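Student: Any chance you could fold what I've pasted below:
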Amino acid sequence: MAATALSRVFQIPSEVIEHALTLCHPRDVASFSQTCREARRLVYGNLDQYLWRQLFLLFPFDDPRQTPSLFQEDGQFNWRKELHRRMEAQLIASRTSSTLEDLLMAIESFISVVRSAAPVTWGYERVSSPNLLWVVEVLQSTNMLRSPLLLSQEGNQSLARLRAYLALTLDEYDDDDVEGKERLKSIRTRSRCQVYDLRNYHQDNDWGPFNVTRGEVDWTHVESIINVVSMNLSDRPHDWPDTRPRYGLEATRAYSAPGTAASATGDWAGIEGHWRRYVCFMDYRDLFAFNTGNRGHGQQDGSYFDTPSFEEAARLIELKLTLIDAQAMPEVYILDRFPDSPYEHYPTLYFTGSSWGIQGNEATVVGSVAMSESGVVRWRFVSSVIITHFTRYETEIIELLQASIANSHIQWSSEGVQIGGIASAFGVIGTWTGILHDHGDPVGPFWLYKVEDDHPIYMRALVNN
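Tutor: Alright, predicted model coming up:
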């Protein structure tokens, strides 16, 4: 920009220049700041960061001041730093020459953007989050997650976490897309190997999707559970077609679950109400054969899932849950309790309720919900059921769980994590197994999510028939 032109620009009141800059792209504002000292002072010199706050909100992004402080990385939000971080992530995603280090840094930025999405508020349930729209647009337009450099990062927790949030929404393919079909088949095989490998469940990780060393969420395992359950449901389009979990980035928003945007403050996790739960499991003979086929220390042989005899079941369970006091926890709950919450506004909650499964069998459900130090909501519960009708799969499992049964009284334990924010529509992802965790107990994935009170029922309807 010529010196004479610059001098004319700064004859205009700085407030007017600043307002004009808010209508520009952040990169153009950064370029303007390099034209002269006065421009740099105007762009970067104001301590109130008014310009950068306006650029951030008008881009648009969600206002971080609406996000619960627990999930903000800094007590004081730095508008300029965060906007620069997001623009850099977008640039990295769009470049074909980005390094692996750059890609992983961009992934961390995208996760941060998802976690800082504004919670759903009453009356605005159908208004989308600008944060999440931006992440989806960038990832779709750049195809960054299919970069060859990321193929070697299957165990990377941040990459798995972002994929878990997306839940295969960017992996859909057309009927004539052979490459897409093969890619999804490979994802399914890898996910089944992770979910049904009994070595992944033991006391050190609470028999759930958690890391042994730090006790934090194992996002690789969580992603695998989501993949297994969602693809099993895709194989069954005519089974309970109007009862499907919500998934994708919008479903990760805090209080996006039905009825939680205006829920009572005491029920911060949105527990009370009606829920649906999908559980999946292998025929026990398949589970045993898969786990004994490879006695080495590597990954189990995924080709087992291609055998004609392989079977995997998916079952719908309907639940109704109610909050109770900690002192009112029934004796049937023999699992370890979560430690007291370090967060005043998010105390550990306890609940009980009923569930109805295949053949209308009714179970008692007892559990608790806690906020972890990392800001992830954890669920732990036990279901105790008296079964009067058995499917073939269930008969085989029952015969192998005699230590957990008294007069057909079976107890299962479940460990899960809420995906996204508090009371998200996405729900809870986790694993179930026998409550006593005996050697040889079966294990499987589940997906638990909240529904409207008038949601269609299938299992409870069998009770009255």
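Student: Point to the helix or strand of this protein where mean pLDDT is at its lowest.
Tutor: Lowest mean confidence among the helices and strands of the chain (mean pLDDT, DSSP states H and E): helix 392-399, at a mean of 51.
Student: from what I can see residue 211 touches residue 200, true?
Tutor: No - counting by CB atoms under 8 Å, residue 200 is not a contact partner of residue 211; they are 10.8 Å apart. C-betas here are computed from N, CA, C, even on glycine.
Student: Mind checking which of the two has more residues around it?
Tutor: residue 200 (20 against 15; other CB atoms under 10 Å).
Student: isn't the more buried one right next to residue 193, touching?
Tutor: No - with contact defined as CB under 8 Å, residue 200 does not count as touching residue 193 (9.7 Å).
Student: circling back: on the C-terminal side of the least confident helix or strand of the chain, identify the next helix or strand.
Tutor: Under the assignment DSSP states H and E, the closest C-terminal helix or strand after helix 392-399 is strand 409-418.
Student: From the contact counts, what lies against that following strand?
Tutor: The helices and strands touching strand 409-418, judged by 3 or more CB pairs under 8 Å, 6 or more residues apart in numbering; DSSP states H and E, are strand 377-386, strand 428-434, strand 443-451.
Student: who wins for proximity to residue 142 among those strands?
Tutor: strand 428-434 (26.8 Å; CB to CB).
Student: for that closest one, packing partners?
Tutor: helix 219-234, strand 409-418, strand 443-451.
Student: Recalculate using a threshold of 10 Å.
Tutor: Here strand 428-434 touches helix 219-234, strand 273-282, strand 377-386, strand 409-418, strand 443-451, going by 3 or more CB pairs under 10 Å, 6 or more residues apart in numbering; DSSP states H and E.
Student: Only alpha carbons, please: show it as CSV.
Tutor: C-alpha atoms of strand 428-434 as CSV (Å, rounded to 0.1, in the frame of the first residue of the first chain):
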residue,chain,number,x,y,z
VAL,A,428,-22.8,-42.8,26.4
ILE,A,429,-20.4,-45.3,24.8
GLY,A,430,-19.0,-48.2,26.7
THR,A,431,-18.7,-51.9,27.4
TRP,A,432,-20.6,-54.5,29.4
THR,A,433,-19.5,-57.7,31.0
GLY,A,434,-20.3,-60.1,34.0
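Student: Report the angle between it and strand 443-451.
Tutor: Strand 428-434 runs at 140 degrees relative to strand 443-451, counting by axes from the mean of the first three to the mean of the last three CA atoms, to 10 degrees.
Student: Tell me which strands strand 428-434 pairs with, and in which orientation.
Tutor: According to DSSP bridges, strand 428-434 forms sheet pairs with strand 409-418 (antiparallel), strand 443-451 (antiparallel).
Student: Just give me the residue right at the centre of the chain.
Tutor: Nearest to the geometric centre of the chain sits residue 419, at 2.6 Å (CA atoms, centre = their mean).
Student: what's near enough to touch that one?
Tutor: 161, 164-165, 167, 217, 222, 226, 245, 247, 251-252, 376-377, 425-429, 447, 449 (CB atoms under 10 Å, 6 or more residues apart in numbering).
Student: Could you do residue 414 as well?
Tutor: 207-208, 277, 279, 335, 365, 367, 379-383, 428, 430-433, 435, 444, 446, 448.
Student: Can you tell me which of these are buried?
Tutor: For the contacts of residue 414, a neighbour count by 16 or more other CB atoms under 10 Å gives the buried set as 207-208, 277, 279, 335, 365, 367, 379-383, 428, 430-433, 435, 444, 446, 448.
Student: Count the residues that sit near the closest residue to residue 434 other than its chain neighbours.
Tutor: Excluding its sequence neighbours, the residue lying closest to residue 434 (CB to CB, 6 or more residues apart in numbering) is residue 441, at 3.6 Å. Neighbour count for residue 441, taken as other CB under 10 Å: 21.
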